[in-house]
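A.B. asks: Sequence and predicted model, in that order:
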Amino acid sequence: MQIILREATASDARGIARVHVESWKTTYRGLIADEYIDSIFYADREQLWAKLINFYEETKQGFLFVASVDDEIVGFVSGGRSRDDSWEFEGEVTGLYILKQYQRMGFGRRLMNAAVSRLLEAGVSSMSIWVLEGNDNAIKFYERLGGRRIGTTQRKVGNKFYTVIGYGWDDLQAFSR
Ligand SMILES: CC(C)(COP(=O)(O)OP(=O)(O)OC[C@H]1O[C@@H](n2cnc3c(N)ncnc32)[C@H](O)[C@@H]1OP(=O)(O)O)[C@@H](O)C(=O)NCCC(=O)NCCS
């Protein structure tokens, strides 16, 4: 099994979209309305990721790392500067998804390490992540990695609002790897 962790390139859009769509279905069914889950299509997501990869490459605003096993993308992490400055965290991880069959094998931690290293390189020393209320596996994972609960807010997905819970790391130098 050859495991590689690297920065995403344009040809990864398809693999990332697959992980994104599959993980959404296995993680959010029952938490997010079925109509929305059933309306997510690979082709749309592939286009979206292709645009985002291009944006990251051109602007260097943000990062996107993929983890692959024998050339198949099995997980990714995205992020950059915080999208919302009402919370006192400079950096943010905006997406972290691992295919179900590769969860609990250390990929999440490795991708988070890559994200933290990149943020530290950019002079960013604190970070937040927002997780859907009820996504208890992700909550346990963030708590295991030393995140502290910072509050909740509402996010719109499709045409409905959902509660998301913020986790924060005040000092990324001390991030437990
Ligand atoms: C949440 C997620 C990113 C975690 O990644 P992962 O690869 O499964 O987790 P890892 O194997 O790297 O686990 C790292 C540590 O967290 C712990 N952990 C992970 N999931 C856990 C859980 N559900 N309960 C308790 N501990 C957990 C592991 O035991 C491990 O601890 P250790 O290093 O001390 O042994 C991944 O499971 C995933 O993609 N889930 C579906 C999508 C999702 O919810 N994404 C987050 C959106 S906000």
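C.D. replies: In hand now; what should we look at? Remember, it's a predicted structure, so these values are computed and weren't measured experimentally.

A.B. asks: Flag every buried residue along stretch 56-66.
C.D. replies: Of the residues in stretch 56-66, those buried under the neighbour-count criterion (16 or more other Cβ atoms under 10 Å) are 56, 62, 63, 64, 65, 66. For the C-beta atoms, the positions are set from N, CA and C on the backbone; glycine is no exception.

A.B. asks: Run through the residues of the chain sitting next to the ligand.
C.D. replies: Taking Cβ under 6 Å from any ligand atom as the criterion, the neighbours of the ligand within the chain are 23, 27, 96-98, 103-109, 131, 135, 137-138, 140-141, 144.

A.B. asks: What would stretch 73-81 look like as CSV? C-alpha coordinates only.
C.D. replies: Listed in CSV are the C-alpha atoms of stretch 73-81, where the atom choice follows Å, rounded to 0.1, in the frame of the first residue of the first chain:
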residue,chain,number,x,y,z
ILE,A,73,-7.4,9.9,-3.6
VAL,A,74,-8.9,8.8,-0.2
GLY,A,75,-9.0,12.1,1.7
PHE,A,76,-8.4,15.8,1.5
VAL,A,77,-8.1,18.9,3.7
SER,A,78,-8.7,22.5,2.6
GLY,A,79,-8.3,25.8,4.4
GLY,A,80,-6.6,29.1,4.8
ARG,A,81,-7.2,32.4,6.6
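
A.B. asks: Touching that stretch from outside, list them.
C.D. replies: Contacts made with stretch 73-81 from outside it, assessed by Cβ atoms under 8 Å, 6 or more residues apart in numbering, are listed as 8, 12, 15-16, 18-20, 52, 61-68, 90-99, 102, 107-108, 111-112, 114-115, 119, 124, 127.
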